[in-house]
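# predicted model, plus sequence, below.
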Amino acid sequence: MKLVDVKGITFVEGGVCAAKGFRANGVQCGLAHKPLNDMDGANAAANNALPSAKKKNDLALIVADKMCSAAAVYTTNKVKGAPILVTKEHIKDGKAKAVIVNSVNANTCNPDGVEKATKMCQLAAKALGIDENDVIVASTGVIGQVLPIEPIANAMDDLAGGLTYDGNKRALEAIMTTDTREKEIAVQFELGGKICTMGGMLKGSGMIHPNMATTLTFLTTDADISPEMIQLALSDIIKVTLNRASVDGDTSTNDMVCIMASGEAGNKPVTSEDGEYEKFRHALYAILMNLARMMARDGEGATKLIECAVRGAETDEIAEKVAKSVVTSSLIKAMIFGEDANAGRIFCALGYADADFDISKVDVEMASEGGVIPLGRKGCVIEFSEELAKRILKEEEIKILISLGDGKGKAITWGCDLTYDYVKINGDYRS
């Protein structure tokens, strides 16, 4: 999937290991109940025949050489995974040095959940020779099943012993569940005359809806920035990136986005909302915006990415509400899958958005690499070429462009089509 360029930002390789001083690893400890995800579209039956050693990693570790400034945002679901409760306590001081995360089991709604999440931190800390309070912990997978700690304990020496400065791919594989595509990115940018690097990896394919974090995302950077400023930047940028992506309208219990900043780039510390802070914030936007697009495109069973861009609103908030209403509409998602340019469905979704605007001023267009076509003018559906519309909808990335008037408010949201496979995947998720 093509990355969206951002001015002043250079894309590089390496994911969470791209920044100076970060190592990672991923192993299969025995939690995995499914074989390696079929990245290339090969026959699933062939994957099922793979020997145990070939099955996907299910336990990951990211470690910084130095103590880091750390920040996180979490799900607003009232039911929260035990790892979130533990992580909140561990980074209250704005510091962290490592992340341990497992897939397959969410460690949520379990009476011993906090105990198990704490034990994961203790195991990692002992293997690394650090304080358990400096470890971030996360889990993803099936909710309501007791997490067995023995496989994690047995694998810890191999996990810690295999840490490398290029272990990002192994760690990335370990956090994936129903994901079918790798989601990682790294960028370089300048702060105070020093080249800084930021990288990240994300898991997320279903149970995704705008609400604070939306997924599990792990970010690293060698920029020097205070805990207060890194938390401010993360909380702010989440609102216009991952919080504007939706797959299925469900907000997970384990959503978390965390970031660690080691300061190894050697820039003057960013401690206030000055120009250097804005540069850091800009780089963080480039990372999270592209990860949000990757996540929406990899929605469970999805075949297309939907981007809704709204302009001309009185405020950004109005534009955002309208754009979210469009990308979360099941009828529009099904319409995109079926490649049927039913403009009435778009106007319908506009109409029930919880936002004030004059429908008589609304224009709607649809675009892709196949072309651009007007679907509505001044609140009314207009005649259009069905042939051109079909050509536009055959592309992988579809844009719905909406003008609400002549205001300065604008927003972009991302979603995906709704396919038969979404039901198939979630109909037997535990098996």
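Good, I have the coordinates.
# low-confidence regions, the chain specifically.
Within the chain, the segments meeting pLDDT under 70 span 32-54, 205-214, 248-252, 425-426, 428-431.
# which residues of it fall in helices?
With helices called from DSSP state H, the chain shows them at 44-48, 82-90, 113-128, 150-161, 168-175, 227-239, 275-297, 316-327, 330-338, 343-351, 386-393, 420-427.
# any idea how far residue 182 is from the nearest residue to residue 263 once chain neighbours are set aside?
Setting aside the residues directly before and after it, residue 263 is nearest to residue 224 in space (C-beta to C-beta, 6 or more residues apart in numbering), at 3.5 Å. Just so you know, the C-beta spots here come from the backbone N, C-alpha and C atoms, and that holds for glycine as well. Distance of residue 224 to residue 182, computed by C-beta to C-beta, to the nearest Å: 29 Å.
# what's the answer for residue 390, then?
Counting by C-beta to C-beta, the gap from residue 390 to residue 182 is 31 Å.
# more crowded one of the two?
Shown here are residue 390 and residue 182; by other C-beta atoms under 10 Å, residue 182 has more neighbours (18 against 13).
# tell me how far the more buried one lies from residue 299.
From residue 182 across to residue 299, the span is 15 Å (C-beta to C-beta).
# these two touch, right, residue 186 and residue 18?
Yes: taking contacts as C-beta atoms under 8 Å, residue 186 lies within contact range of residue 18: 3.5 Å.
# which residues are common contacts for those two?
Common contacts of residue 186 and residue 18 (C-beta atoms under 8 Å, 6 or more residues apart in numbering): 12, 197, 198, 199.
# need those residues in TSV (columns: neighbour count).
Output for those, formatted as TSV (neighbours: other C-beta atoms under 10 Å):
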residue	neighbour count
12	15
197	23
198	27
199	26
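# what's the most distant pair in those?
12 and 198 (9.6 Å; C-beta to C-beta).
# can you pull the residues that touch both of the two?
18, 186, 187, 188.
# thinking again about what came up before, TSV please, covering the helices of the chain and showing distance to residue 74.
Formatted as TSV, these follow (distance: least, C-beta to C-beta, whole Å):
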stretch	distance to residue 74
helix 44-48	33
helix 82-90	5
helix 113-128	14
helix 150-161	22
helix 168-175	17
helix 227-239	10
helix 275-297	15
helix 316-327	20
helix 330-338	27
helix 343-351	29
helix 386-393	37
helix 420-427	24
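# which of the ones you listed is buried the deepest?
Among those, helix 168-175 has the highest mean neighbour count (mean count of other C-beta atoms under 10 Å), at a mean of 25.
# for residue 335, what are its contacts?
Contact analysis of residue 335 by C-beta under 8 Å, 6+ apart lists 341, 342, 345.
# ok so, going back, number of nearby residues for the residue nearest to residue 263?
23.
# contacting residues around it?
Contact analysis of residue 224 by C-beta under 8 Å, 6+ apart lists 191, 261, 263, 265, 266, 267, 268, 269, 270.
# check the residues you listed for burial and list the buried ones.
Of the members of the contacts of residue 224, the ones counted as buried by neighbours, 16 or more other C-beta atoms under 10 Å, are 191, 261, 263, 265, 267, 269, 270.
# quick check: bridge partners of the first one?
Going back to what we said before, that points to residue 191. residue 194 (DSSP bridges).
# picking that back up, against residue 282, how distant is the residue nearest to residue 263?
Relative to residue 282, and taking C-beta to C-beta, residue 224 is found at 16 Å.
# ok, residue 295 next?
Taking C-beta to C-beta, one finds residue 295 at 21 Å from residue 282.
# what do you get for residue 225?
13 Å.
# do residue 350 as well
31 Å.
# domain ranges for the protein, per the record?
For the chain, automatic domain parsing gives the domain ranges 10-297, 305-427.
# next one: the last one to chain centre, how far?
A distance of 22 Å separates the C-alpha centroid of domain 305-427 from that of its chain, computed with C-alpha atoms, centre = their mean, to the nearest Å.
# make sure residue 388 is actually in contact with residue 368.
No: at 10.6 Å, residue 388 does not count as touching residue 368 under the criterion of C-beta under 8 Å.
# grab the nearest non-local neighbour of residue 132.
Once flanking residues are discounted, residue 132 sits nearest to residue 125: 4.0 Å by C-beta to C-beta, 6+ apart.
# the one you found touches residue 136, doesn't it?
No: the pair residue 125 and residue 136 fails to qualify as a contact (C-beta under 8 Å) at a distance of 11.4 Å.
# hey, what's in contact with both of these two?
residue 98.
# residues near residue 142, how many?
Quick note: residue 142 (other C-beta under 10 Å) scores 16 neighbours.
# can you pull up the bridge partners for it?
Going by DSSP bridges, residue 142 is paired in beta bridges with residue 105.
# my guess is it contacts residue 105, does it?
Yes: between residue 142 and residue 105 there is a contact under C-beta under 8 Å: 6.0 Å.
# what's the longest strand in the chain?
Longest strand in the chain by number of residues (criterion: DSSP state E): strand 59-74.
# so which elements touch it?
Strand 59-74 makes packing contacts with strand 22-27, helix 82-90, strand 95-102, helix 150-161, helix 168-175, strand 216-221, helix 227-239, strand 256-261 when contacts are defined by 3 or more C-beta pairs under 8 Å, 6 or more residues apart in numbering; DSSP states H and E.
# tell me what the first one is packed against?
This points to strand 22-27. Using 3+ C-beta pairs under 8 Å, 6+ apart: strand 22-27 touches strand 59-74, helix 150-161, helix 168-175.
# so the first one versus helix 168-175, what angle?
Pointing back at strand 59-74 there. Counting by axes from the mean of the first three to the mean of the last three C-alpha atoms, to 10 degrees, strand 59-74 lies at 70 degrees to helix 168-175.
# buried stuff in strand 59-74?
Within strand 59-74, the residues that count as buried by 16+ other C-beta under 10 Å are 59-64, 68-74.
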